[in-house]
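what follows is a predicted protein model with its sequence.
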Amino acid sequence: GGWELLRALRLPLWLRSDQALQGGAQALARHQFAARRDPHDCSLIYCALGKQSVLAGLFKAVRNDKLAGFMARDFSDPANRTAALKNGYALLGQLRNHLAAAFFLLGDSLSDAVSAITRSESADYALALLVCRLTQMRASSGGGGAGHFAPDLGDVGKQLVE
């Protein structure tokens with residue numbers, strides 16, 4: 001699949017262009033969905049990209065109205081962020097770590113998302129770094145990243161590589 005190649009290349013570590021990384025992540029999410037037509041597979045990447053509306057549309061397309069409605073919520077509302085965090089913890093209990101991480105991102109808890117991605121025996125640090133970079137790009141409006149010597153990982157990402 002697409003992620004295995006991006007992981008093998010360690011793309012989130014060395015690709016300096018934010019636009020190129022975002023484009024690659026969007027292509028990855030489309031590939032993940034197309035492989036099985038299951039929006040759960042691409043939830044983490046779309047949430048890291050801040051594209052919950054796309055995810056809501058995918059859940060609606062596969063007739064999962066409950067998750068389509070949830071993804072369509074306004075996550076700037078503290079009550080919706082709390083609901084997302086609660087769902088994330090419930091998913092962790094079911095060992096659905098990547099989906100839990102997506103819900104932690106909706107709840108605005110990048111540290112919990114990274115912890116979910118890296119806590120299992122199949123911990124994927126490259127994926128955690130990708131999520132950090134994509135989230136950091138949204139947090140630091142503008143930029144572009146091409147002028148920096150190293151990609152901006154944000155505080156959580158820096159802790160991850162230290």
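Looks like it arrived, so ask away.

which helix is the longest one in this structure?
helix 18-36 (DSSP state H).

any weak-confidence spans in the protein?
Within the chain, the stretches falling below the threshold (pLDDT under 70) are 1-3, 5-10, 141-162.

can we see that at 90?
For the chain, applying pLDDT under 90 flags the ranges 1-18, 20-21, 24, 28, 119-126, 137-162.

which other helices and strands contact the longest helix of the chain?
Under the contact definition 3 or more Cβ pairs under 8 Å, 6 or more residues apart in numbering; DSSP states H and E, helix 18-36 sits against helix 2-9, helix 11-14, helix 43-48, helix 125-139. (Each C-beta comes from the backbone N, C-alpha and C, glycine too.)

now, of the ones you listed, which is deepest in the fold?
Highest mean neighbour count among the helices and strands packed on helix 18-36 (mean count of other Cβ atoms under 10 Å): helix 43-48, with a mean of 27.

could you point out which element follows that one?
Sequence order places helix 52-61 as the next helix or strand after helix 43-48, per DSSP states H and E.

list the contacts of that following helix.
Under the contact criterion Cβ atoms under 8 Å, 6 or more residues apart in numbering, helix 52-61 has outside partners 29, 33, 39, 42-43, 46-47, 65, 67-69, 71-72, 75, 106.

tell me, what residue is most central in the chain?
When Cα atoms, centre = their mean is applied to the chain, the residue found nearest the centroid is residue 48 (3.1 Å).

ok, back up a step: pull the CA atoms of the longest helix of the chain into CSV?
What follows is the C-alpha trace of helix 18-36 in CSV, where atoms were taken according to Å, rounded to 0.1, in the frame of the first residue of the first chain:
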residue,chain,number,x,y,z
ASP,A,18,4.6,21.6,3.6
GLN,A,19,2.6,21.7,0.4
ALA,A,20,4.2,18.6,-1.0
LEU,A,21,3.7,16.7,2.3
GLN,A,22,0.0,17.8,2.4
GLY,A,23,-0.4,16.6,-1.2
GLY,A,24,1.2,13.3,-0.4
ALA,A,25,-1.0,12.8,2.6
GLN,A,26,-4.1,13.6,0.7
ALA,A,27,-3.1,11.1,-2.0
LEU,A,28,-2.4,8.6,0.7
ALA,A,29,-5.9,9.1,2.3
ARG,A,30,-7.6,8.7,-1.1
HIS,A,31,-5.6,5.5,-1.6
GLN,A,32,-6.5,4.1,1.8
PHE,A,33,-10.2,4.7,1.2
ALA,A,34,-10.1,3.3,-2.3
ALA,A,35,-8.4,0.1,-1.2
ARG,A,36,-11.5,-1.2,0.8
